[in-house]
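**Q** Sequence and predicted model, in that order:
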Amino acid sequence: MRSDIPRDLHSTQKPSNDGGELGGRSSSGVPEVKISDRHVPVLLSHVLDQVHAREEQPRIVVDGTLGAGGHARHILEICDGLQRYIGVDKDPQALEIARGVLGDFSEKVSFTRGDFRNLPEILESSGVSHGSVDVILLDLGVSSMQLDDADKGFSFIREGPLDMRMDPDQPLNAADIVNGWPEEELGRIIRDYGEDRCWRRYARCIVEARDAEPIKTTTQLADLIYDNAPREWKKRRTIHPATLVFQGLRVEVNSELDAVTTAIPQLLPYMAPKGQIMLISFHSLEDRIVKRAFLKAQEDDTLDPRFQVLTKRPLIADDEEIEANSRSRSAKLRVLQRMEPGQEPSMGRKKNKYAHLRGKSKKSSKASGDDEGTNDDA
């Protein structure tokens with residue numbers, strides 16, 4: 001790690017979307033998690049508000065990105081009538097941690113290792129039929145638990161292998177791309193998935209550097225990008241120049257955008273009347289896909305019953321949550337609901353029973369207007 005680079009510029013961490021924080025490692029090598037009241041899942045009050053606004057408690061909830069079980073634990077605590085909570089995650093370490101976090105609800109919770117893009121197959125194998133799911137929750141992107149584990153290579157705040165795989169068993173990792181893919185493909189990844197204007201410069205410097213020596217670690221790549229960043233860029237920006245490069249690589253390694261695009265249409269048939277699909281995204285690329293997919297479902301008059309977007313604007317963290325958890329600043333929650341036959345669209349929402357968890361905020365209280373912009377802070 002270079003000592004001349006400000007330490008806070010080495011962070012690429014996203015908002016927390018799990019229920020715990022890393023401690024040491026167990027004898028099996030699985031990271032131990034310490035649950036803390038200060039470390040809560042991102043946009044928790046908004047998620048609980050949506051659940052509370054339902055006329056009846058959900059019976060079946062599907063969590064396609066279970067993580068450490070943070071959202072799950074709180075939903076289970078407030079829903080006595082919940083019969084099944086189906087937890088899915090492709091990270092085996094996360095599932096192991098969630099088993100401990102949700103131990104008090106073991107009779108209701110099932111744990112499945114898998115990708116949320118394959119939820120139809122998982123639900124069918126679990127005996128869940130079309131029209132029976134009350135809530136589906138997807139918390140997109142990488143969790144703080146994964147970011148804090150240097151061995152996974154998502155962040156360069158600590159040195160680790162250039163990996164970035166959410167599923168450790170998949171063959172492709174970030175080092176394969178950085179050291180083996182053509183300059184044109186590297187540029188495409190940085191431009192399209194990192195949305196970085198310096199994509200040509202960074203793709204070129206990566207290829208030149210790897211010809212001399214393989215790029216194996218997160219800090220090695222971060223230092224390379226920093227050294228080749230435009231001088232004026234370093235003066236203007238507050239994030240490390242490699243932040244968007246790392247984002248682009250992570251999205252490519254895990255096919256994140258393809259997963260979201262594929263998953264949403266496949267989930268629609270499984271929703272019960274008044275069933276809700278809740279998606280939390282962390283950068284403009286994800287949010288744009290979610291917004292368009294939800295609007296497409298709402299406008300599709302061939303669906304019966306129809307669907308309705310409950311969030312004209314995405315629900316975001318307020319100042320209080322951001323102050324307590326700076327990682328929440330990029331999080332956006334959008335909600336799509338299946339209507340009952342003959343039901344008229346309505347944007348009315350009940351009072352938030354859990355407002356005390358987030359305090360008051362002008363930003364998060366806006367409930368109307370069209371969202372023309374997206375948050376590029378990644």
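**A** Good, I have the coordinates.
**Q** what comes up buried for the strand or helix carrying Lys274?
**A** Lys274 belongs to strand 271-281 when elements are defined using DSSP states H and E. With burial defined by 16 or more other CB atoms under 10 Å, the residues of strand 271-281 counted as buried are 271-272, 274-281. From N, CA and C alone the C-beta is placed, and that goes for glycine too.
**Q** Over to stretch 208-222?
**A** In stretch 208-222, the ones that count as buried by 16+ other CB under 10 Å are 209-210, 215, 217-222.
**Q** What about those residues, which are in helices?
**A** For those, membership in helices holds for 209-210, 218-222, with DSSP state H as the criterion.
**Q** now those residues in TSV, with pLDDT and distance to Pro41?
**A** Formatted as TSV, these follow (pLDDT from 0 to 100; distance: CB to CB, whole Å):
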residue	pLDDT	distance to Pro41
Ala209	98	38
Arg210	97	38
Thr218	97	25
Thr219	97	29
Gln220	97	33
Leu221	98	30
Ala222	97	28
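**Q** Closest to Gly81 out of the residues you listed?
**A** Within the set of these, Thr218 lies nearest Gly81; the separation is 45.3 Å, counting by CB to CB.
**Q** the helices in the stretch 1-150 of the chain, which residues?
**A** Under the criterion DSSP state H, counting those that start in this stretch, the stretch 1-150 of the chain contains helices at 44-52, 70-78, 92-101, 119-125, 144-147.
**Q** That should have said the stretch 151-300 of the chain, apologies.
**A** When assigned using DSSP H, counting those that start in this stretch, the helices of the stretch 151-300 of the chain occupy the ranges 174-180, 183-192, 199-212, 218-228, 231-236, 243-254, 256-267, 284-299.
**Q** Go ahead and measure how far the first one is from the middle of the chain.
**A** If I follow you right, that is helix 174-180. On the basis of CA atoms, centre = their mean, to the nearest Å, helix 174-180 is displaced by 23 Å from the centre of the chain it belongs to.
**Q** other SSEs contacting that helix?
**A** Counting contacts by 3 or more CB pairs under 8 Å, 6 or more residues apart in numbering; DSSP states H and E, the secondary-structure elements packed against helix 174-180 are helix 183-192, helix 199-212, helix 243-254.
**Q** got the contact list for the shortest one?
**A** Among residues not part of helix 183-192, those counted as contacts by CB atoms under 8 Å, 6 or more residues apart in numbering are 177-178, 196, 198-200, 202-204, 206-207, 244-245, 248-249, 251-252.
**Q** quick one: that helix to helix 284-299, angle?
**A** For helix 183-192 against helix 284-299, the angle by axes from the mean of the first three to the mean of the last three CA atoms, to 10 degrees is 70 degrees.
**Q** do the last one as well
**A** With the same axes, to 10 degrees as the basis, helix 243-254 and helix 284-299 are set at 60 degrees to each other.
**Q** Pull out the buried residues from helix 243-254.
**A** Neighbour-count burial for helix 243-254 [16+ other CB under 10 Å]: 243-254.
**Q** need these in TSV with distance to Lys291 and pLDDT, can you?
**A** As requested, the buried residues of helix 243-254 are exported to TSV (distance: CB to CB, whole Å; pLDDT from 0 to 100):
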residue	distance to Lys291	pLDDT
Thr243	23	93
Leu244	21	94
Val245	25	97
Phe246	24	97
Gln247	19	95
Gly248	21	97
Leu249	24	98
Arg250	21	97
Val251	17	97
Glu252	22	98
Val253	24	97
Asn254	21	96
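**Q** What is the nearest of those to Ser110?
**A** The shortest gap between Ser110 and any of these belongs to Asn254, at 23.6 Å (CB to CB).
**Q** Tell me the spacing between that closest one and Glu213.
**A** Distance from Asn254 to Glu213, counting by CB to CB, to the nearest Å: 26 Å.
**Q** Tell me which of the helices and strands packed on helix 174-180 lies nearest to Glu96.
**A** Among the helices and strands packed on helix 174-180, the nearest to Glu96 by CB to CB is helix 243-254 (19.8 Å).
**Q** same for the closest one, what does it pack against?
**A** With contacts taken as 3+ CB pairs under 8 Å, 6+ apart, helix 243-254 sits against helix 174-180, helix 183-192, helix 218-228.
**Q** Go ahead and produce CSV holding the CA coordinates of that helix.
**A** Backbone C-alpha positions of helix 243-254 (Å, rounded to 0.1, in the frame of the first residue of the first chain) are rendered in CSV as follows:
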residue,chain,number,x,y,z
THR,A,243,-13.0,3.3,-7.4
LEU,A,244,-14.9,3.2,-10.7
VAL,A,245,-12.4,0.8,-12.2
PHE,A,246,-13.0,-1.6,-9.4
GLN,A,247,-16.8,-1.1,-9.8
GLY,A,248,-16.6,-2.0,-13.5
LEU,A,249,-14.5,-5.1,-12.9
ARG,A,250,-16.8,-6.3,-10.1
VAL,A,251,-19.9,-5.9,-12.3
GLU,A,252,-18.2,-7.8,-15.1
VAL,A,253,-16.9,-10.6,-12.9
ASN,A,254,-20.3,-11.3,-11.4
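**Q** how far off helix 199-212 does it point, in degrees?
**A** Here helix 243-254 runs at 70 degrees with respect to helix 199-212, directions being taken by the same axes, to 10 degrees.
**Q** contacting residues around helix 243-254?
**A** Outside helix 243-254, the residues within contact range by CB under 8 Å, 6+ apart are 11-12, 142, 154-156, 164-167, 172-174, 177-178, 189-196, 202, 218, 221-222, 225, 256-257, 283, 285, 378.
**Q** Now list the buried members of the residues you listed.
**A** Buried subset of the contacts of helix 243-254 (neighbour count, 16+ other CB under 10 Å): 11-12, 142, 154-156, 164-166, 173-174, 177-178, 189-191, 193-196, 202, 218, 221-222, 225, 256-257, 283, 285, 378.
**Q** how distant is stretch 271-284 from the center of its chain?
**A** 12 Å.
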